[in-house]
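1. Sequence isn't available, so here's the structure alone:
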């Protein structure tokens, strides 16, 4: 599936080195087509105030679209 640039996507896996969790929402900012494997996408992750906190590049199978049955949640980035 090809995702649109500047649309929101949900992470399907944890990214511990960036303190990101499965279910976090990010904005697709770049598409990386591949002729030999899955396409990749760079996503920009924002905090609740709209500040950029991270950029990550993931394969197409590691993200998904948001669904109308889902709701947003707030969590701290602090390690407990």
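-> Okay, I see it. These numbers were taken from a predicted model, which means no experiment stands behind them.

2. which non-adjacent residue is nearest the residue positioned nearest the centre of the chain?
-> In the chain, the centroid-proximal residue (CA atoms, centre = their mean) is residue 26; its distance is 3.9 Å. The shortest distance from residue 26 to any residue other than its chain neighbours is 3.7 Å, reached at residue 43 (CB to CB, 6 or more residues apart in numbering). Bear in mind the C-beta positions are built from the backbone N, C-alpha and C, glycine included.

3. looking at it, the one you found is touching residue 25, isn't it?
-> No. Counting by CB atoms under 8 Å, residue 43 does not reach residue 25; the two are 9.2 Å apart.

4. anything in contact with each of these two?
-> 9, 11 (CB atoms under 8 Å, 6 or more residues apart in numbering).

5. Please say which of these two ends up with more neighbours.
-> Ranked by neighbour count (other CB atoms under 10 Å), residue 43 and residue 25 place residue 43 first, with 24 against 15.

6. So in terms of bridging, what pairs with the more buried one?
-> The partner list for residue 43 in beta bridges (DSSP bridges) reads residue 28, residue 56.

7. Please enumerate residues in contact with stretch 17-24?
-> So stretch 17-24 is contacted by 10-15, 45, 54, 56, 73, 75, 77, 79 (CB under 8 Å, 6+ apart).

8. got any ranges where this protein has weak pLDDT?
-> The chain contains residues with pLDDT under 70 at 79-80.
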